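Peer 1: the sequence and its predicted three-dimensional model are supplied below.
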Amino acid sequence: RVEAPIGSRLRLVVYDVQGRRARTLLDTEAWAGRGVVRWDGRTDDGARVGSGVYFVKLVTPSDTRSVRLPLVR
């Protein structure tokens with residue numbers, strides 16, 4: 001769960017284990033209410049990524065969080 005003031009910047013990015021950006025899922029202002037963000041296992045340019053461990057990083061004005069995300073194809 002993440003709370004951020006409406007209008008503050010939210011950025012949600014997927015990285016591979018080498019720290020390379022695979023996909024930017026969200027880069028926008030916060031909105032009211034709840035939201036769900038899904039990743040289809042593709043890069044920003046539409047290429048499918050391989051099985052492995054990825055990290056999802058969420059950056060808000062007051063917090064930065066990372067979550068480990070295993071992807072199995």
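Peer 2: That came in fine, so what should we check first? Not measured: the values here are computed from a predicted model.

Peer 1: strands along this protein, start to end?
Peer 2: In the chain, the strands defined using DSSP state E lie at 9-16, 21-29, 52-60, 63-71.

Peer 1: given the first one, what are its sheet partners and their directions?
Peer 2: Looking at strand 9-16 with DSSP bridges, its paired strands and their directions are strand 21-29 (antiparallel), strand 52-60 (antiparallel).

Peer 1: rebuild the ones you listed as JSON lines, extending it with distance to Leu69, mean neighbour count and mean pLDDT.
Peer 2: Where C-beta positions appear, they are placed from N, C-alpha and C, glycine not excepted. Formatted as JSON lines, the strands paired with strand 9-16 follow (distance: least, CB to CB, whole Å; neighbours: other CB atoms under 10 Å; pLDDT from 0 to 100):
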{"stretch": "strand 21-29", "distance to Leu69": "10", "mean neighbour count": "14", "mean pLDDT": "96"}
{"stretch": "strand 52-60", "distance to Leu69": "5", "mean neighbour count": "15", "mean pLDDT": "95"}
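
Peer 1: in JSON lines: the ones you listed, plus distance to Val37.
Peer 2: Below are the strands paired with strand 9-16 laid out as JSON lines (distance: least, CB to CB, whole Å):
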{"stretch": "strand 21-29", "distance to Val37": "5"}
{"stretch": "strand 52-60", "distance to Val37": "9"}
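
Peer 1: any idea which of the ones you listed gets closest to Asp44?
Peer 2: strand 21-29 (5.3 Å; CB to CB).

Peer 1: quick one: residues contacting Gly52.
Peer 2: Contacts here follow CB atoms under 8 Å, 6 or more residues apart in numbering; on that basis Gly52 touches 16-17, 70-71.
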